[in-house]
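Colleague: give the three-dimensional model of this entry:
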Amino acid sequence: MYNVLIVEDSKPILRNITTLLCSLDLPVTVVATATNGEDALEIIRQQPVHLLLTDIRMPKMDGLALIEQAKLIHPQLKVVLISGYSDFEYTRKALNLQVFDYLLKPVERQQLSEVMNRAIEQLSRHAHNEVEMLKDIIEPVYYGKMELNEQFQHYAKLMFIVRKQPFTAGRAGWNREALQHRLSELFAPHACWVFPTYFPKQFLVLVNGTVTGKYSTVYECMESARRHLYSHGIDATIGGQLQPAEPGKLPELYYRLTEMINEHQRINQGTVLDSGVPLSQIRSESENGDPFLAANFVEMIRGRRKEQFELKLTEQLAKWSGENLRLAELERFIGLLIDTFAHLITEQDSDNRLSLEESSAQLFDRESFAGFGRDLLDWSGLCFEMLQAHQRKNAQEWFQQVDEYVKMNMYSPLSITDVARKFHISPSYISRIIKKCTQSTFVQYYTKLKINEACKLMEGRPDMKFKEISDALSFSDQHYFSKVFKEYMGYNPTEYREQVLAGQDGEEKGIRG
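Modeller: All right, here's what the predicted structure looks like:
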């Protein structure tokens, strides 16, 4: 249902148009009428209006001024001008204000019906397109079930992006419901909508453009939002722009703001970023990374100078913390370390780069920069150990250590990931070592060891129940143990005990006799 506002200073004409419109079988409601432009503008500010039917010549504020002001509040507002033949020059000027169409006085039913049907068709198409544009931004599960109220399509909307500050706590409050509650609380009575995006630490926020009346600048609006969230334990960087998002350009603006935050978010305190400054200019001003510093760390890695590397890194972390470094610079530095370590061990394990990337990404989830620094030192220490290990070991040496470790943990549930973590190498490399040395997969190799151990238990402790053996060797249940036992031995546990072990006993007695 679409809301219609009729503005006409002649009350008989106003009543006639209202009556005609209500008699048409259209999905519209006349929510208000007014006799001058000032009253009409106030109505548009206070409630949703989709269609404006307005006269040109009116007291206080004429139709042209009303249209101009109303379009600032609601750029998608459909305007139909009501004019007489003598007002043709006004009508021509109104067309420059993107008036949808005009009706000549006296307004006839057929004429009104035709214009309104076309206006409604365009409104419906625009509403669908605006929601469709969010599809490539919003997290898919949420997009599939979201329901937007009627207010969403009525007004111009400011776009903000809210991204969680790195190295901060407050994870419990970092969800759509909490952000929606806090921002609605701040911006009330102006509507706002919060959407989760593909980026897990980032939300899209659209705010009714009328909110600008509460603040002197959009920067003040964003800073007010940042402080309000921070006061409730939600530390964030907010990016936005001065002008409401133009129709059809929501995705373009979203990705532009995202790129801006990617480059300029800081590691310590949340900030507000205004896209009014060209991104190329901002970037050129802030690209102040030290290439010589990065080169020094690379040389220390290549030279395997672990102690010198750790000392220098400790000093650098303290310096970065005081400087409130840009997160992008820190990410590029970590990426350089990954590149260097991965390149040096590529010949032994081509999958180690992925392993390094996954483990380093977890560093950025720490709740403080100090915690990040400690873990980064630990991470780089493990990388140096990997370098040293890959230098001095071949596959057979690795397998001997892995085999010894697995046999020591025969009575515990053990995965290939557990083994990889123990030796600080990737699961894929463990898999290749075992395949090369045993011609079997890790699961086959590990299971065979367990089954051999089960056979020894049956031989050494004939009174031991099968369930006890199954539990001791960490099988999920006795039935699964029996099934696997038969796959490897050709007998189920009962048959093995009754036939194989009994036969062995008989042979031994015969020899002794």
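Colleague: so what's the nearest residue to L356 once chain neighbours are set aside up against?
Modeller: Spatially, and ignoring its direct neighbours in sequence, L356 is nearest to I338 (4.9 Å; Cβ to Cβ, 6 or more residues apart in numbering). Any C-beta I mention is one placed from the backbone N, CA and C, and that applies to glycine too. Residues in contact with I338 (Cβ atoms under 8 Å, 6 or more residues apart in numbering) are R353, L356, E357, S360.
Colleague: what is the helix or strand that contains the third one packed up against?
Modeller: Which is E357. Remark: E357 resides in helix 352-361, with elements defined by DSSP states H and E. Using 3 or more Cβ pairs under 8 Å, 6 or more residues apart in numbering; DSSP states H and E, the elements in contact with helix 352-361 are helix 327-345, helix 369-392.
Colleague: how about 10 Å then?
Modeller: Packing partners of helix 352-361 (3 or more Cβ pairs under 10 Å, 6 or more residues apart in numbering; DSSP states H and E): helix 327-345, helix 369-392, helix 427-438.
Colleague: now do the first one against helix 352-361, angle only.
Modeller: Following axes from the mean of the first three to the mean of the last three Cα atoms, to 10 degrees, one obtains 150 degrees for the angle between helix 327-345 and helix 352-361.
Colleague: show me the strands in the stretch 51-200 of the chain, by range?
Modeller: Assigned by DSSP state E, counting those that start in this stretch, the strands in the stretch 51-200 of the chain fall at 51-55, 78-83, 101-104, 157-164, 192-196.
Colleague: find the residue closest to L148 in space, skipping its chain neighbours.
Modeller: Counting by Cβ to Cβ, 6+ apart, L148 lies nearest to V131, which is 6.5 Å off, once chain neighbours are set aside.
Colleague: measure the one you found to W193 for me?
Modeller: As judged by Cβ to Cβ, to the nearest Å, V131 and W193 stand 11 Å apart.
Colleague: which neighbours do those two share?
Modeller: Any residue near both V131 and W193 by Cβ atoms under 10 Å, 6 or more residues apart in numbering counts here, and that gives M146, L148, F152.
Colleague: nearest to E299, of those residues?
Modeller: Among those, M146 lies closest to E299 (Cβ to Cβ), at 52.1 Å.
Colleague: and the closest one, how far is that from W193?
Modeller: For M146, the distance to W193 - Cβ to Cβ - is 9 Å.
Colleague: quick one: the helices in the stretch 101-250 of the chain, in order.
Modeller: 109-132, 140-145, 176-187, 218-231, 250-264 (DSSP state H, counting those that start in this stretch).
Colleague: among those helices, which is nearest M410?
Modeller: For the helices of the stretch 101-250 of the chain, distance to M410 was read as Cβ to Cβ. The smallest value, 42.5 Å, belongs to helix 140-145.
Colleague: for that closest one, name the packing helices and strands.
Modeller: Packing partners of helix 140-145 (3+ Cβ pairs under 10 Å, 6+ apart): strand 192-196.
Colleague: so what secondary structure elements neighbour the strand it packs on?
Modeller: Counting contacts by 3+ Cβ pairs under 10 Å, 6+ apart, strand 192-196 packs against helix 140-145, strand 157-164, helix 176-187, strand 202-208.
Colleague: in JSON lines, list these along with distance to E223, mean pLDDT and mean neighbour count.
Modeller: Output for these, formatted as JSON lines (distance: least, Cβ to Cβ, whole Å; pLDDT from 0 to 100; neighbours: other Cβ atoms under 10 Å):
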{"stretch": "helix 140-145", "distance to E223": "27", "mean pLDDT": "86", "mean neighbour count": "10"}
{"stretch": "strand 157-164", "distance to E223": "11", "mean pLDDT": "91", "mean neighbour count": "23"}
{"stretch": "helix 176-187", "distance to E223": "11", "mean pLDDT": "94", "mean neighbour count": "16"}
{"stretch": "strand 202-208", "distance to E223": "14", "mean pLDDT": "92", "mean neighbour count": "23"}
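Colleague: distance to T29 for those - can I get that in a markdown table?
Modeller: Compiled in a markdown table, those are given as follows (distance: least, Cβ to Cβ, whole Å):
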| stretch | distance to T29 |
| --- | --- |
| helix 140-145 | 28 |
| strand 157-164 | 23 |
| helix 176-187 | 26 |
| strand 202-208 | 21 |
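Colleague: surely V30 and R15 touch.
Modeller: No: with contact defined as Cβ atoms under 10 Å, V30 does not reach R15; the gap is 11.1 Å.
Colleague: okay, the helices of the stretch 101-250 of the chain in CSV with distance to L206 next?
Modeller: Formatted as CSV, the helices of the stretch 101-250 of the chain follow (distance: least, Cβ to Cβ, whole Å):
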stretch, distance to L206
helix 109-132, 10
helix 140-145, 14
helix 176-187, 10
helix 218-231, 13
helix 250-264, 8
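Colleague: any idea what L206 is bridged to?
Modeller: For L206, the beta-bridge assignment (DSSP bridges) gives partners M159, W193.
Colleague: that one reaches H190, doesn't it?
Modeller: No: in this structure L206 lies outside contact range of H190 using Cβ under 10 Å: 11.1 Å.
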